[in-house]
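**Q** pasted the sequence and its predicted model underneath.
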Amino acid sequence: MESIFEPETICKIEVVGNDSEFMAFFDKHPKGILCVPESLVGLSQYNVVMPETYRFTKWINKKRKDITINVAQSEGTKSLNSNDFWMPIVFLASDVSLPVFLNLVSSYIYDLMKGALKHDKANIHLKTFFRDDRAAVTKTLSYSGPAEKFLQIAKDGNLDKFIN
Amino acid sequence: MLRTEKGIDIATLVNDKISFAIHSIQELDLSKAAIELKHAGEIVDNQINTFNANDSDESFNDGFIISEFVKLFTYYGQYLKLLITGKYSESWSSLQDIQSALRIIFRFTDMPRLPILIHIEKQCGYLEQLYPYHVFFSTGFTKESAECSICGKSIDSLECEHVAGELYRGRLAYGIVNQIKELNHIAVVTNPTDKRCTVQILDSSEQFAAISYFANGIKKKTLKPFDFSHLEFRKIRKLKNGIDNCGRNDPCHCGSGRKYKKCCMAKRVIETNHVDIVSDEFYRNELSTHGGRHFIW
C-alpha cells in the first residue's frame, strides 16, 4: 500500500491562464531570473518566498556570474523542518531557457548533496514560469518528487517522458 | 582528505589519540576513549588558535574538519554509552549527532570517502531501522529574518554574502532565526531536516525491543561496536503462543468447542518479522591491518 507520507511524483507543464504578473516581468526584463513570493502567483495569501530562495540566489551569484538573478520584494521567508529542497518560484526571462534553468537547479542540488549520506532521502519542489514563444503562451513547469529523478530529467533534457 | 600542510600537521598531532580512542571504543572502554578525544579536541583548538590572518582559508577549513572528526568519534562513544545504560530515547539524538558530523566531513572534503567513515555511515543507516521513529514533527513558519552566524546580517538577504551551509575560514554559515513572523502549521513528515523532533517514547517501551537487543549484545561484548556490519530482515514461521500443548483431538484452545485438528491447528504457525544483527569483524580486517595507526587521514 502506498504511504500517505510518500505522495507520487508530480511533473507537469501547464498553460497559465492569468499571466499578467509574469508578462509584466517578461516584457520589462530581457535577461535573468526573478524569484517571486507565493502570493504573486496566487499560491498563498502570504507574501513570502520559498525556503531555498536566498541560498539559491547567492549560489548563482557566486557560481554563474553570467546569469542575472533577483528576488522580488517579500515580507519574509518560509521556514520548514523539511529536508526537501523547496526551490524558489521563478520567472524566466527570454535569455534563460527551461533546460538551462533545470541544469542550474541540478548543479545546485548536486552541490548541496555532496555531504548527503547514502540513506538520506531528498525531494525537490519547484515551480517555474516561462514563455513558450512558439505557442505564444506562458507555461509553468511544476516538479515535486525525488531528487534523483529530477537530476535524471535535467541530465536527459527530455521532459516528455516524465510529464504526467 | 586534508588540503594544507597546517591541516596535516594538526592531524599528525592527534592521530595517535584518535587511533587509541577508536581502539578503546572497540573494547568498550568508553571513559578512556572520552579522555583521549577530549585531549585531541583541545590540541586541535589550540592549534587553530595559533592561526593568524596570513593563514589560508583552507588551513582554517582543515582545522574545522579535523575538529569534526574528533567530534564524530566523541559522539560515537557517547552514543554507545547511552545504549548500554538503556537510554534509548536519548540515544536517537546522539545517533543524529554522529550523522551530522559525517555529513559535514563528507561535504567539505574532496577526497574519496575513508573506509571507516563509510562503515560508520552504513552502521547509522541500519541502526536507525532498529528504532521506532518513522515520522517526525515539522513546524512551518514565516521568518522575518535570520541572523548570519558569521556576519550577523540577515542571511535571507543579498546584503549578507554568506551562503547557508558553506564554510568560511573554518566557520560554518547558518541562519539564527530571531524573528518569527507567523507560525503557519505543524506537520507530520517522514523526511525532516532534524530527525530529533520525535514523539517521546519511554525507554522501557516494547517499541525499543530491537535496539535494546542490539544494546545488550554490545554491553555483554558479544558484539564489538565497529564489527557491527548490517541487518538482515526476513520472515520466520513460529508456533502461536499457548498452543504448544494442544493435542489433535483436544478441544480447541480458542473456545469454539470443536476439536483442535478441525479448528485452529492449520493456523498454529504464524509468520513474523525477524532481523539478524550481522557482524563482519571490520575492525580486525580493515583498521588493524594498518597497525591501528595512520589509517585515519
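**A** Yep, that arrived.
**Q** what's the closest non-adjacent residue to the one residue in the stretch 51-200 of chain B that gets nearest to chain A?
**A** Per Cβ to the nearest Cβ, B:Arg107 is where the stretch 51-200 of chain B lies closest to chain A, at 2.8 Å. Bear in mind the C-beta positions are built from the backbone N, C-alpha and C, glycine included. Leaving aside its chain neighbours, B:Arg107 sits nearest to A:Gly115 (2.8 Å; criterion: Cβ to Cβ, 6 or more residues apart in numbering or on different chains).
**Q** the bottom helix or strand of chain A by mean pLDDT?
**A** strand A:76-80 (a mean of 83; mean pLDDT, DSSP states H and E).
**Q** next SSE downstream of that strand?
**A** Next along the chain after strand A:76-80, taking DSSP states H and E as the criterion, comes strand A:85-86.
**Q** and chain A, which residues reach chain B?
**A** When proximity is defined as Cβ under 8 Å from any Cβ of the partner chain, chain A approaches chain B at A:3, A:5-6, A:46, A:48, A:53-55, A:57-59, A:61-62, A:71, A:75-84, A:112, A:114-123.
**Q** scan chain A for its longest helix.
**A** Under DSSP state H, the helix in chain A containing the largest number of residues is helix A:98-112.
**Q** buried ones in that one?
**A** A:98, A:101-102, A:104-109, A:112 (16 or more other Cβ atoms under 10 Å in any protein chain shown).
**Q** same check on stretch A:27-46?
**A** Buried, per 16+ other Cβ under 10 Å, within stretch A:27-46: A:29, A:32-38, A:40-41, A:46.
**Q** swap in stretch B:214-233?
**A** Neighbour counts over stretch B:214-233 (16+ other Cβ under 10 Å) mark B:214-215, B:217-218, B:223-229, B:231 as buried.
**Q** so which of the residues you listed comes closest to chain A?
**A** Relative to chain A, and with distances defined as Cβ to the nearest Cβ, the nearest of the buried residues of stretch B:214-233 is B:Leu231, at 12.1 Å.
**Q** quick one, strands of the stretch 101-250 of chain B?
**A** Taking DSSP state E, counting those that start in this stretch to define them, one finds strands in the stretch 101-250 of chain B at B:136-148, B:167-168, B:171-172, B:175-189, B:228-239.
**Q** so can I have JSON lines of those strands showing distance to chain A?
**A** Conversion of the strands of the stretch 101-250 of chain B to JSON lines gives the following (distance: least, Cβ to the nearest Cβ, whole Å):
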{"stretch": "strand B:136-148", "distance to chain A": "4"}
{"stretch": "strand B:167-168", "distance to chain A": "11"}
{"stretch": "strand B:171-172", "distance to chain A": "11"}
{"stretch": "strand B:175-189", "distance to chain A": "5"}
{"stretch": "strand B:228-239", "distance to chain A": "12"}
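**Q** by contact count, what packs against the longest helix along chain B?
**A** Secondary structure assigned by DSSP H gives helix B:57-84 as the longest helix of chain B. Applying 3 or more Cβ pairs under 8 Å, 6 or more residues apart in numbering or on different chains; DSSP states H and E, one finds that helix B:57-84 makes contact with helix B:5-26, helix B:30-49, helix B:88-108, helix B:115-129, strand B:167-168, strand B:171-172, helix B:209-219.
**Q** show the average pLDDT along it.
**A** On average, the pLDDT along helix B:57-84 is 96.
**Q** now B:Arg248: how far from chain A?
**A** Distance of B:Arg248 to chain A, given as Cβ to the nearest Cβ, to the nearest Å: 38 Å.
**Q** neighbours of that residue, just the number please.
**A** 9 (other Cβ atoms under 10 Å in any protein chain shown).
**Q** may I have the phi/psi pair for it?
**A** The phi/psi pair for B:Arg248 (degrees, to the nearest 10) reads phi -60, psi -40.
**Q** pretty sure it sits against B:Lys262.
**A** No: between B:Arg248 and B:Lys262 there is no contact under Cβ atoms under 8 Å: 9.3 Å.
**Q** where do the strands of chain A begin and end?
**A** According to DSSP state E, chain A carries its strands in the segments A:10-15, A:33-36, A:48-49, A:69-71, A:76-80, A:85-86, A:89-92, A:123-132, A:137-146.
**Q** tell me, what residue is most central in chain A?
**A** A:Leu126 (3.6 Å; Cα atoms, centre = their mean).
**Q** how about JSON lines for the helices and strands packed on helix B:57-84, with mean pLDDT and distance to A:Gln152 added?
**A** Compiled in JSON lines, the helices and strands packed on helix B:57-84 are given as follows (pLDDT from 0 to 100; distance: least, Cβ to Cβ, whole Å):
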{"stretch": "helix B:5-26", "mean pLDDT": "93", "distance to A:Gln152": "36"}
{"stretch": "helix B:30-49", "mean pLDDT": "97", "distance to A:Gln152": "41"}
{"stretch": "helix B:88-108", "mean pLDDT": "96", "distance to A:Gln152": "22"}
{"stretch": "helix B:115-129", "mean pLDDT": "94", "distance to A:Gln152": "23"}
{"stretch": "strand B:167-168", "mean pLDDT": "96", "distance to A:Gln152": "29"}
{"stretch": "strand B:171-172", "mean pLDDT": "96", "distance to A:Gln152": "31"}
{"stretch": "helix B:209-219", "mean pLDDT": "95", "distance to A:Gln152": "35"}
